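> when you get a sec, could you give me coordinates for this:
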Amino acid sequence: MNKPAICGGTPVRETKIYYGHQYIDDADIQAVVDVLKSDHLTCGPKIGELEEKLCEITGAKYAVVCSNGTAALHIACMAAGVEAGDEVITTPITFAASANCALYMGATPVFADINDRTYNIDPASVVSHVTEKTKAVVAVDFTGQSIEEDELLSICRERNLVLIEDGAHVLGTKYKGKPNGSIADMTTLSFHPVKTVTSGEGGAVLTNSEEYYKKLLLYRAHGITRDTEQMEHKPEGPWYYEQIELGYNYRMTDIQAALLISQLNKLPAFSKRRKEIVAKYDEAFSHLPQIVIQEEIPESDTTRHLYILRLNPKELSIDRKEFFEALQAENIYCNVHYIPTYFFPYYERLGYRKGICPKAEKLYEEMISIPLYYGMTDRDVEDVIHAVEKIATYFATSK
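Numbers count the residues shown, from 1 in each chain. Model prediction:
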């Protein structure tokens with residue numbers, strides 16, 4: 001039997017490979033250089049160009065780009081009218097910002113459990129957590145697989161709730177043939193380097209609502225307007241502007257926008273390659289009883305941001321930590337997405353305790369995010385598969 005490197009064997013590769021990595025080409029670099037040589041580094045024409053391109057790709061009527069995905073969630077909650085005393089339902093299997101955005105508003109995050117086959121928020125659990133205080137649902141397209149849009153929209157419509165789709169992972173995915181970003185009341189995006197496309201840091205909110213759109217524009221830029229129709233006083237001259245709300249400086253630069261426009265031109269290629277890698281992983285790991293494959297709803301044509309390797313503890317003689325360390329010894333450097341949000345000390349101090357979402361907690365104990373990104377070569381993919389197979393079979397409970 002092929003001995004794992006952690007037990008004295010030879011690693012599957014000599015160089016390290018990580019769970020995610022951006023892809024930057026000469027066109028991206030030139031796009032940034034062109035802006036650096038232009039008259040506008042921020043608040044310039046590239047912002048509008050980027051917003052038009054996001055609408056073109058997603059089918060949303062309006063796009064508001066901002067400094068990062070967390071800022072996008074914050075201004076989405078502001079536009080939704082979330083206030084102190086409200087409740088916002090979300091999932092614990094996500095980055096902390098999905099819940100923090102409710103806290104920013106003085107509201108209370110409420111954690112619904114997941115579907116333990118798809119790992120997305122379970123609509124039935126959402127229903128069970130709705131109270132008279134519930135204002136919004138922040139539903140995360142975990143790994144890039146679409147949330148169950150129809151069910152969640154129906155729940156929100158019946159109860160007069162706002163559906164905010166945390167689409168940090170979802171760009172490139174379609175639900176029933178329609179691009180995600182054009183379905184929920186608002187959809188937020190993130191353009192961090194490990195995402196499918198990147199602007200370094202950056203985010204956006206997509207919506208079909210003109211009302212939300214106007215609010216988002218204000219909250220992104222200090223609550224300041226130059227639109228005379230929004231002003232409360234007569235303009236004193238062409239220089240005049242007014243602050244009519246308390247907003248934030250969540251603007252994106254033209255430098256970032258130029259990079260992202262160039263990246264979006266490659267989205268079809270990025271999506272295609274990610275799907276190819278996911279298909280290779282699914283085929284290889286479906287034959288291993290030690291591994292559980294994430295299920296996908298038929299409505300979702302997914303561009304996967306993360307590939308979750310879920311371990312089957314009954315078929316392994318080692319735990320998740322030991323499996324993780326064994327992969328590192330093979331030079332396959334992975335991650336875990338995510339620690340349930342309410343496990344963190346800050347949330348403990350707010351009164352949250354373990355046990356409230358048992359399916360999510362069990363998933364956390366068993367999952368590892370393995371490498372998935374556009375720049376992976378076929379050899380890279382084969383190395384990851386070889387490492388997983390080697391460790392899974394060597395430490396199988398039944399040999």
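> where do the helices of the stretch 101-250 of the chain begin and end?
Along the stretch 101-250 of the chain, counting by DSSP state H, counting those that start in this stretch, helices occupy 123-129, 149-159, 210-220.
> quick one: which of those helices is nearest Lys61?
Ranking the helices of the stretch 101-250 of the chain by distance to Lys61, with CB to CB as the measure, places helix 210-220 first at 7.6 Å. For glycine as for every other residue, the C-beta is placed from the backbone atoms N, C-alpha and C.
> make TSV from the helices of the stretch 101-250 of the chain and add distance to Lys176, mean pLDDT and mean neighbour count to it.
Below are those laid out as TSV (distance: least, CB to CB, whole Å; pLDDT from 0 to 100; neighbours: other CB atoms under 10 Å):
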stretch	distance to Lys176	mean pLDDT	mean neighbour count
helix 123-129	16	98	17
helix 149-159	8	98	16
helix 210-220	23	98	20
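> of all those helices, which one is nearest Ala136?
Closest among the helices of the stretch 101-250 of the chain, using CB to CB: helix 149-159, at 8.1 Å.
> need the strands for the stretch 1-150 of the chain, in chain order.
17-18, 62-66, 87-90, 108-111, 134-140 (DSSP state E, counting those that start in this stretch).
> now do the shortest one: which elements does it pack against?
In this structure, strand 17-18 packs against strand 332-333, helix 378-394, with contacts taken as 3 or more CB pairs under 8 Å, 6 or more residues apart in numbering; DSSP states H and E.
> again, but for the second one
Counting contacts by 3+ CB pairs under 8 Å, 6+ apart, the secondary-structure elements packed against strand 62-66 are helix 45-58, helix 69-79, strand 203-207, helix 210-220.
> ok, now with 10 Å
Other helices and strands packing on strand 62-66, by 3 or more CB pairs under 10 Å, 6 or more residues apart in numbering; DSSP states H and E, are helix 45-58, helix 69-79, strand 186-190, strand 203-207, helix 210-220, helix 254-264.
> among these, which is nearest Thr393?
Of all these, strand 186-190 sits nearest to Thr393, with 36.6 Å by CB to CB.
> the closest one pairs with which strands, parallel or anti?
Here strand 186-190 is paired, per DSSP bridges, with strand 162-166 (parallel), strand 203-207 (antiparallel).
> need the pLDDT of the closest residue to Lys359 other than its chain neighbours.
Nearest residue to Lys359, sequence neighbours excluded (CB to CB, 6 or more residues apart in numbering): Asp116, at 4.3 Å. Per-residue confidence (pLDDT) for Asp116: 97.
> settle this for me: Asp116 is touching Ile308, isn't it.
No. Assessed by CB atoms under 10 Å, Asp116 is found out of contact with Ile308, at 12.0 Å.
> common neighbours of the two, please.
The contact sets of Asp116 and Ile308 overlap at Val292, Leu363 (CB atoms under 10 Å, 6 or more residues apart in numbering).
> next, the contact list for Gly351, please.
Thr108, Tyr342.
> helix/strand/coil for it?
coil (DSSP: H, G, I helix; E, B strand; the rest coil).
> do the same with Lys321
At Lys321, secondary structure determined by three-state DSSP is helix.
> contact partners for it?
Lys321 makes contacts with Val336, Glu365, Ile368, as judged by CB under 10 Å, 6+ apart.
> run the last query once more with 6 Å
Listed by CB atoms under 6 Å, 6 or more residues apart in numbering, Lys321 has no contact partners.
> roughly how far does it sit from Gly9?
To Gly9, Lys321 is 19 Å away according to CB to CB, to the nearest Å.
> what's the burial count for Thr58?
The number of residues packed near Thr58 is 24, by other CB atoms under 10 Å.
> likewise Val336?
Val336: 15 neighbours (other CB under 10 Å).
> kindly report the same for the one 4 residues further on.
Around Pro340 sit 21 other residues, with neighbours defined as other CB under 10 Å.
> is it true that it touches Pro92?
Yes. The pair Pro340 / Pro92 is scored as a contact, 3.8 Å apart, by CB atoms under 6 Å.
> now do the shared contacts for the two.
In contact with both Pro340 and Pro92: Ala360, using CB under 6 Å, 6+ apart.
> next one: the residue located most distally from the centre of the chain from Thr225, what distance?
Distance from the centre of the chain peaks at Glu236, with 44.1 Å (CA atoms, centre = their mean). Glu236 sits at a distance of 15 Å from Thr225 (criterion: CB to CB).
> for Ile6, same thing?
Ile6 is 60 Å from Thr225, by CB to CB.
> what do you get for Thr91?
35 Å.
> Met376 now?
Met376 sits 46 Å away from Thr225, going by CB to CB.
> about what we covered before: okay if I get the strands of the stretch 1-150 of the chain as CSV plus mean pLDDT?
Formatted as CSV, those follow (pLDDT from 0 to 100):
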stretch, mean pLDDT
strand 17-18, 98
strand 62-66, 98
strand 87-90, 99
strand 108-111, 98
strand 134-140, 99
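> would you turn those strands into TSV with distance to Val162?
Below are these laid out as TSV (distance: least, CB to CB, whole Å):
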stretch	distance to Val162
strand 17-18	36
strand 62-66	15
strand 87-90	9
strand 108-111	14
strand 134-140	4
